[in-house]
Every structure is written in structure tokens, then in C-alpha cells.
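>>> from the sequence below, what's the structure:
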Amino acid sequence: MADKFKGFKPSLTSPGRNSYEIAPSDTTDLPHIPRRIYVNTTGTLTFTSVDDDASVTLNVFAGAQITQQIKRVFATGTTAELVAFY
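Numbers count the residues shown, from 1 in each chain. Down below sits the predicted model:
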């Protein structure tokens, strides 16, 4: 199938072209900075954003989309299952 959007430059609001399941880690950053994170299961999300070293914990609900650019999802404090789109 032809990709009619391949020649367009992506922006932060563009849909992701790739995805991966997030494996939370207290020591390792995400392999790709996502445009958005989809919450598969209700729980908590503890993360650090791209430009900040402070961690933030949120209560998240299944079906939510997080549009914050996140560099690390911590294992400690994260109970939700997450998918990254980049």
C-alpha cells in the first residue's frame, strides 16, 4: 500500500509512525522519545520529561493519551501498562 504521507515532515502533533510497549526502568531512558503515550491499563505513571530531571507521578486511566515528551518511565511508581508512539 502506498504511504501518501511519507514525504511530509512530522511534527509533535502528527500521528506516530512507529510504536513500542514501554518497559519501565529506574535506570534506562526510553529508546525513542514518544509523541504520545497510550495507557493500556489503569494505574500510575511515574516519569521524567525531556527537559526536567524531577520525576512526576500521575494517576492514569485506560484509554488516556499522554502528550508530554517523556524520556524515562520509572519502574518504581508505575503500575499502568503503556505503549509509546513516535
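>>> geometric centre of the chain: which residue is closest?
By C-alpha atoms, centre = their mean, the chain has its centre lying nearest to Ile37, at 3.4 Å.
>>> so that one bridges to which residues?
Beta-bridge pairing for Ile37 (DSSP bridges): Ile66, Ala84.
>>> begin at 17 from now on, thanks
OK, 17 is where the count begins now, so the last one is Ile53.
>>> and it, what does it touch?
Ile53 makes contact with 38, 61, 81-82, 84, 86, 89, 98-101 under the criterion C-beta atoms under 8 Å, 6 or more residues apart in numbering. (Each C-beta comes from the backbone N, C-alpha and C, glycine too.)
>>> flag the least confident of those residues.
Looking at these by pLDDT, the weakest one is Gln84, with 90.
>>> neighbours around it, how many?
14 (other C-beta atoms under 10 Å).
>>> in whichever strand or helix holds Thr60, what's buried?
Using DSSP states H and E, Thr60 maps to strand 59-65. Judged by neighbour count (16 or more other C-beta atoms under 10 Å), strand 59-65 contains these buried residues: 59, 61-64.
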